[in-house]
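Visitor: Below are the sequence and a predicted model; questions follow.
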Amino acid sequence: MKKLIIIGLLIVSAACASAPETAPGKASIYGTLKAQSHKDFIKKSQNYDNGNGGYGGGSIFSGAIQYTKNMINYNKLSELYACLIDPEHKEETLHILEVGPEGFSPGSLALAPGDSILIRNNTSQTRHFFISDEGEGFQAFPPMGAGEEGRLTVKLEGLLELGSDEDDSPTASLFSKKGLIGKRLSSGESYAFENVDPGSYQVVFWHWRLGSIIHEVTAAPGESVKLDETLSVDRIIHN
Amino acid sequence: MTSRSAKSKAALFFSAFWILQASPALAHSLNGNVRVEGGKVLKNLIVYLIPKRPGQIKASNKTHDVSQKGRKFNPDLIVAYQGDNVRFLNDESREIDHNVYSLSKASTFDLGLGEKGSVLKKSFTRPGRVNFYCSVHKRMEGKLVVLPSPYFAILEKPGAFTLEGIPKGEWELTALVFHRRYKPRPVIIKNGDNGEIILEIVKK
């Protein structure tokens, strides 16, 4: 029993984000980001005392949701983004996307205007990729033959769609905001923005299907600010 | 007596005005054609009219039903007039729960969890595009287009269309194009225009 408690504590401590080492005069912002099912779904699972299956297309065992292949497994959800918005950030990042018969990989990107996207066209045809906002904003990649790659420097801001002239799909979702530094995570993973200048920042947590939550954070010299967040539909919409 | 007479005349005038407004005799049809730059075959084009004057058309309260059987929204594309209601029916044959939510600018909502046999309702008052999802199931997603008038046509591919029962007035004829490479070039339609209209869809 004692051994089990010790193992449990070790697992819990390993899952928690630890404060990064911060250089003198600098600051850090760190934490853990996870995704979670809708609160009503969790509540129902906790009150459901029957392990015979059927609930939500899945089953409930001991008050926990047993995800099936048709369900979104929030414990394993990938492509969650933790983003620090630093308007002074000037470094340009190159984001690489592969596209094949199954679509884009990754299927979403958080980036800043000035960053570049490199697409590797692993489909069997020439494609004319583009990014577009909901209005007139539009940028075209150079045409890419099958097996070729092409690059574009992003100028647009906002929620963007990456698509191609040829078909309605595949598409990828982009979140573009000036000064954005993004970390791509899976649910339950830790992130850290280390050795940033002390000051006030926006931290945005985003997933293409769950939406975003924005925090205003102030970090003093030598300080490590811990900021954990959980993305769920109900939390984002009713926040 | 004079006052009563004036009131009767006013009532008569407004009744006549209402009848004329609603009269099909004053309505007309619009025939047109959609042409896409480069001959691209775009799917699900929604051609519609926007009234140029507020109050040009009556409010609506039509109800659209969406099935969720087999973990799919059916239909997965709904075209509605602002003020319409949508009912999301959990008509699954076994105990499966669904949730319906949207993060779209035109309508952000979370209808909570709907058990088998339940009906989740929502009315849509603001024109725009609404992408909705089920937070429980992976591939459950649908689109709702809320239009500022009930005069629209859904085209499976570019070509001819007819809009009927349009009250006289000034309108903007435009289209919703799902493919973001393309945009419509709207056309102004005035009283009684019944010549063939060409609506062009061009590349951005």
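Guide: Arrived safely. Numbers count the residues shown, from 1 in each chain, chains lettered A, B, ... in the order given.

Visitor: For chain B, which residues score under the pLDDT cut-off?
Guide: Scanning chain B for pLDDT under 70 picks out the ranges B:1-26, B:192-194.

Visitor: out of everything not next to it in sequence, what's closest to B:H137?
Guide: With C-beta to C-beta, 6 or more residues apart in numbering or on different chains as the measure, B:R71 is the residue that lies nearest to B:H137, at 4.7 Å, once sequence neighbours are left out. Using the backbone N, CA and C atoms, a C-beta is placed for each residue, glycine as well.

Visitor: Which residues are in contact with that neighbour?
Guide: Contacts here follow C-beta atoms under 8 Å, 6 or more residues apart in numbering or on different chains; on that basis B:R71 touches A:57, A:70, B:92, B:96, B:98, B:134, B:137, B:139-140.

Visitor: contacting residues around the nearest residue in space to A:V233 that is not next to it in sequence?
Guide: Nearest residue to A:V233 in three dimensions, chain neighbours excluded: B:S135, at 4.4 Å (C-beta to C-beta, 6+ apart). For B:S135, the contacting residues are A:37-38, A:41, A:72, A:232-233, B:99, B:101, by C-beta under 8 Å, 6+ apart.

Visitor: related to what we said a few turns ago, any figure for the gap between the residue nearest to B:H137 and B:F88?
Guide: Noted for B:R71: a distance of 13 Å to B:F88, by C-beta to C-beta, to the nearest Å.

Visitor: Touching both of these two, which residues are there?
Guide: Common neighbours of B:R71 and B:F88 (C-beta under 8 Å, 6+ apart) are B:H98.

Visitor: ok, now how distant is the residue nearest the centre of chain A from B:L173?
Guide: Nearest to the geometric centre of chain A sits A:L80, at 2.0 Å (C-alpha atoms, centre = their mean). Distance of A:L80 to B:L173, computed by C-beta to C-beta: 43 Å.

Visitor: cool, and B:E141?
Guide: Distance, B:E141 to B:L173, using C-beta to C-beta: 29 Å.

Visitor: B:I50 now?
Guide: 8 Å.

Visitor: Run through the helices of chain A in chain order.
Guide: In chain A, the helices defined using DSSP state H lie at A:2-15, A:39-47, A:233-238.

Visitor: Report the mean per-residue pLDDT for the shortest one.
Guide: It refers to helix A:233-238. Per-region confidence: helix A:233-238 scores 91 on mean pLDDT.

Visitor: mind listing what's buried in that helix?
Guide: For helix A:233-238, the neighbour count (16 or more other C-beta atoms under 10 Å in any protein chain shown) marks A:233-237 as buried.

Visitor: Ok, stretch A:195-203 next?
Guide: Neighbour count says stretch A:195-203 has A:196, A:201-203 buried, by 16+ other C-beta under 10 Å.

Visitor: can you check stretch B:45-55 too?
Guide: Residues of stretch B:45-55 classed as buried under the neighbour-count rule (16+ other C-beta under 10 Å) are B:45-51.

Visitor: circling back to that earlier point, what about the residue nearest to A:V233, which helix or strand?
Guide: Secondary-structure assignment from DSSP states H and E places B:S135 in no helical or strand segment.
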